[in-house]
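[1] Here is the input, now give the coordinates:
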Amino acid sequence: MFMFLFLVVALAVVVAAVTLAVVGGGESGVLSEAAPERFQDPLPQDRPVNRADVETLRFPVAVRGYRMSDVDDALGRLGAELSERDARIADLEAALAGARAATPPTSLHKPEQGEHQ
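    Numbering: from 1, shown residues only. Okay, here's the model as predicted:
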């Protein structure tokens with residue numbers, strides 16, 4: 001009987017403590033509004049983006065996922081980098097094709113003993 005009475009009193013104390021903590025916090029118990037976490041663009045501005053830059057790219061989590069503007073900005077930057085690289089590759093391939101067309105083809109066949117070069 002003593003153990004039952006002790007458990008009832010202990011339960012009442014725990015319930016009272018939780019109730020006071022939740023309800024009785026007053027104005028001083030309210031947490032201040034946290035400043036939203038903003039995206040700090042880690043993509044380099046002074047050089048082209050490389051694979052390591054993309055792998056380390058992390059966006060702060062917002063209430064419903066990620067901020068669209070942060071993701072859109074990063075994807076826009078990556079799209080511009082890819083467009084620049086594609087244009088550069090096309091220019092280099094065109095220059096290579098022009099250089100190959102300008103040089104005469106070399107023959108790799110071995111002349112026969114009776115043939116002159």
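[2] State the pLDDT value of the residue lying closest to Arg77 once chain neighbours are set aside.
    Excluding its sequence neighbours, the residue lying closest to Arg77 (C-beta to C-beta, 6 or more residues apart in numbering) is Leu43, at 5.6 Å. Quick note: C-beta positions are derived from backbone N, CA and C, even for glycine. pLDDT, Leu43: 80.
[3] what's the helix or strand for Leu43?
    Here Leu43 is covered by no helix or strand, with elements defined by DSSP states H and E.
[4] I figured it hits Glu55, correct?
    No. Counting by C-beta atoms under 8 Å, Leu43 stays clear of Glu55, with 11.8 Å between them.
[5] remind me, longest helix of this structure?
    Ranked by residue count and defined by DSSP state H, the top helix of the chain is helix 68-102.
[6] That one: how far from the chain's middle?
    21 Å (C-alpha atoms, centre = their mean, to the nearest Å).
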